[in-house]
Structures are given as C-alpha cells and as structure tokens.
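1. Sequence and predicted model, in that order:
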Amino acid sequence: GENVEQHPSTLSVQEGDSAVIKCTYSDSASNYFPWYKQELGKRPQLIIDIRSNVGEKKDQRIAVTLNKTAKHFSLHITETQPEDSAVYFCAASIGGFKTIFGAGTRLFVKA
Amino acid sequence: GAGVSQSPSNKVTEKGKDVELRCDPISGHTALYWYRQSLGQGLEFLIYFQGNSAPDKSGLPSDRFSAERTGGSVSTLTIQRTQQEDSAVYLCASSLGGLEQFFGPGTRLTVL
C-alpha cells in the first residue's frame, strides 16, 4: 500500500542554523505534498505545500523541494528560531484527498 | 469563522464498550477526513468523505470501525467493542475540495 517515510525522527539545531527534513513516498500517482506543523498539545497546521508540476516552492524562511523521479521531497527551514520547535509531518496524496502522512520529525531549536 | 470542532474532547471507556466520536467540519467544506494519532506518533489515515462520492474506507483498521457523514456535514466515527489498542487521539479535518486540511482539536480516547 501507500507509504511515506520521513527522516530524521528527531532533529536538534542551534538557533540561526538551517534544518532539513526528508521524505520519500511510494505511490507514483501522488501529486500533492503538504507539510504540517504540530506544536505541543495543538492541532496540525499547514505550513507549505507543493504540487507535482513544481520542483521548488519558497515562503519566507521555509522552502520545499520535490524530485518526482526519485519520489523524494524535502522541507528546508533557514535561520531557525525557538518558535520553530515543533513536530513536522510530511504527507503525500492524490488530488489532496486520501492523504498518507510520514511519522513526523521532532525539531528542537536551541537558543 | 468557526473552525472544525470535535466532541467529546476526552472519552474514557471500558474495554468492550462502543464509542461514538463526532466531527463538525467548517461550513461549506466538501471533504472530511478522520485520522488516528497514537502518543508521539504520526497521523494514521482512517477514512475520508468527498461530496456525495462513496467514502474511501481503506484506512479503517478493522470492521469494528465505521464512519458516516450525514447531509454532507457532520460526521460520526463509531468504534465497536473497543480494545485497549484503540486508545489514541482521533483527529478530524475538513477541506474545500481537497488540498489544505483544517484540523479539529481531536478526541482523546482512553480504553481501560
């Protein structure tokens, strides 16, 4: 069945450094790849998404890249701040409906 | 406007009992999703509804789990004969025709 692998499971960086989270997916029909941020005790919230006809998308300090051939996509956060500390989930879906999430990456940003 | 709401926020039940979890999506959202999140784990897809189409139930873990969506709005997730491994947070989300999903606060289910 469909599967999304996410690495690393935990990531600790110094404030101001960059953080990179990587995901791979198994269903080649997937065409929509959102990233969600979940702060402790809160609900997940969309931070950025990318569709399969685009290779890269950027929004201020966050960017996502997609390699459809390799079925890889990555989240890049630059100039990390303590408030970036949270669990980040990647996901893959076909048309935005059935959505398979990765296991999550717990990001710690040390001040 | 109002976001996605879920009730109850917490539910404690005894093994073998049935439970019903409710989700009120954002008004006008055509798609509704249910996920399960075990402690410190990711989001496990359970089921989604889109408009009047047949729901995609491929993520339901067993025939003890079922869900319905009445009138294209409110949804109920039912777990029959609950087991301890069913303990988790059950999250509902809705979206306007797919893409960005807006999540509810979740229902924390504890099966004793």
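-> Nice, thanks for sending it over.

2. Secondary structure element for the closest residue to chain B within chain A, which one?
-> Nearest residue of chain A to chain B (C-beta to the nearest C-beta) works out as A:Gly96 at 2.8 Å. Where you see a C-beta, it was placed from the backbone N, CA and C, and this is true even at glycine. Using DSSP states H and E, A:Gly96 falls within no helix or strand.

3. Might one say that it is in contact with A:Tyr32?
-> Yes - counting by C-beta atoms under 8 Å, A:Gly96 touches A:Tyr32, with 4.8 Å between them.

4. Assumed B:Gly59 was part of a helix.
-> No - the assignment for B:Gly59 (DSSP: H, G, I helix; E, B strand; the rest coil) gives coil, which keeps it out of a helix.

5. Give me the three-state assignment for the residue lying closest to it once chain neighbours are set aside.
-> Spatial nearest neighbour of B:Gly59, chain neighbours left out: B:Phe45 (4.0 Å); criterion: C-beta to C-beta, 6 or more residues apart in numbering or on different chains. Put simply, B:Phe45 is strand when judged by three-state DSSP.

6. for B:Phe45, what are its contacts?
-> B:Phe45 makes contact with A:Lys98, A:Thr99, A:Ile100, A:Phe101, B:Tyr33, B:Tyr35, B:Ser58, B:Gly59, according to C-beta atoms under 8 Å, 6 or more residues apart in numbering or on different chains.

7. could you measure it against B:Glu85, distance?
-> Note on B:Phe45: its distance to B:Glu85, by C-beta to C-beta, to the nearest Å, is 17 Å.

8. repeat for A:Gly102
-> For A:Gly102, the distance to B:Glu85 - C-beta to C-beta - is 22 Å.

9. When these two are compared, which one has more neighbours?
-> The residue with more neighbours, out of A:Gly102 and B:Glu85 and counting by other C-beta atoms under 10 Å in any protein chain shown, is A:Gly102; that gives 25 against 9.

10. what's the pLDDT at that one?
-> You'll see A:Gly102 listed with a pLDDT of 95.

11. need the strands for chain B, in chain order.
-> Along chain B, counting by DSSP state E, strands occupy B:5-7, B:10-13, B:19-24, B:31-37, B:44-50, B:65-69, B:75-79, B:88-95, B:102-103, B:107-111.
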